[in-house]
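**Q** Need coordinates for the below:
(2 chains)
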Amino acid sequence: MDLRVNSSIEGWRTGVLELRLDPADLDLIDSVLCLQPELRVVIFLGQESRRRGLSYPVERPEQLAELIGDSAFDLAGHRVDRKTMIRALAEQWFPLTHEGELLSVICLALHRCRAEAVEKRLDAIRDKKPPPNKTR
Amino acid sequence: MATAIAWVQVTGGKWARIFQGPSIHVLGSEYLEFQAATSSQSTYDLAYTVHRYSAVVPFFYSVSGSRLAAPQSQYPVPKSSVVFLPAGTSSPFTEFWLLTDRSCRVHVLV
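**A** Below you'll find the predicted structure:
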């Protein structure tokens, strides 16, 4: 796996529209995040990682799982705990060299879980046998 | 509102995240187009590495090679400035990262 030499938070932000934000804009940002509720989950987990003192690089999903310890969160339909984190975070997305990459893999994992849940539901519908023909 | 191609400026030697979002396609291919970094430059060679991260399998792949950066005045760019990527399956969320040996501008079509 490439160690992403020369990867930086500036490179992660490439091409985004630059904004001048100050504390007075916080309520606006909070409102805009309601348009993409999944990003609120990303923020929550980003806050948790800062609060728990995550350091970089993060080499494996297990390191994030260890950081979360015995905590468990229900976040807008997503269950986040040690077990679900290890299952949802693909090893191919690692290592993470800065916080931007952490936010990326959280976003990837949330979409992965949603996609797999949808697939599972569709499989259940497909597997459901049609009711037998009624006979008189 | 109107939408034009959103070219992304990439600095040589530094990884840049050049696309993030859903990758829904029917043709089974995604591609990159390269142009020179500035309007005063003409065609030049560049080497590239692309990393694609996806929320569904395949979760990751990497492609490397070399291409020509076309002048900014030339669009559509010639085939020698295009990289076709194996898109695999559609994905609800993907990230494309690009590393080039020279600065250029690029955009991704998914």
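
**Q** pretty sure B:Ser66 belongs to a helix, no?
**A** No. Assignment of B:Ser66 by DSSP: H, G, I helix; E, B strand; the rest coil gives strand, placing it outside any helix.

**Q** Show me what it bridges to in the sheet.
**A** Note on B:Ser66: beta-bridge partners by DSSP bridges are B:Ala47.

**Q** and chain B, which of its residues are near chain A?
**A** Along chain B, the residues adjacent to chain A under the rule CB under 8 Å from any CB of the partner chain are B:6, B:8-10, B:13-18, B:20, B:51, B:53-56, B:58-60, B:62, B:91-93, B:95, B:97, B:99. For the C-beta atoms, the positions are set from N, CA and C on the backbone; glycine is no exception.

**Q** These, buried ones only, as a PyMOL selection?
**A** The buried residues among the residues of chain B next to chain A can be selected in PyMOL (16 or more other CB atoms under 10 Å in any protein chain shown) with this line:
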select buried, chain B and resi 8+10+14+15+16+17+18+20+51+53+54+55+56+59+60+91+92+93+95+97+99
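
**Q** For A:Ala115, list the residues it contacts.
**A** Counting by CB atoms under 8 Å, 6 or more residues apart in numbering or on different chains, A:Ala115 touches B:55-56, B:91-92.

**Q** Using just helix, strand and coil, how would you label it?
**A** Following three-state DSSP, A:Ala115 is assigned to helix.

**Q** how close does it sit to A:Leu39?
**A** According to CB to CB, to the nearest Å, A:Ala115 stands 17 Å off from A:Leu39.

**Q** do the same with A:Leu28
**A** According to CB to CB, A:Leu28 and A:Leu39 sit 14 Å apart.

**Q** Neighbour count: these two, which is higher?
**A** Between A:Leu28 and A:Leu39, A:Leu39 has the larger neighbour count (other CB atoms under 10 Å in any protein chain shown), namely 17 against 10.

**Q** Please verify my assumption that B:Thr94 contacts B:Gln20.
**A** Yes. With contacts defined as CB atoms under 8 Å, B:Thr94 counts as touching B:Gln20 at a distance of 7.1 Å.

**Q** quick one: which of the contacts of A:Ala115 is nearest A:Pro132?
**A** Distance to A:Pro132, by CB to CB, is smallest for B:Val56 among the contacts of A:Ala115, at 36.0 Å.

**Q** Might you report the residue contacts of the spatially most central residue of chain A?
**A** The structure's chain A has its C-alpha centroid closest to A:Ile106; by CA atoms, centre = their mean the separation is 2.4 Å. For A:Ile106, the contacting residues are A:41-42, A:45-46, by CB under 8 Å, 6+ apart.

**Q** hang on, B:Ala55 packs against A:Glu116?
**A** No. Between B:Ala55 and A:Glu116 there is no contact under CB under 8 Å: 9.2 Å.

**Q** how close does B:Phe96 sit to chain A?
**A** Here the criterion is CB to the nearest CB, to the nearest Å. By it, B:Phe96 lies 10 Å from chain A.
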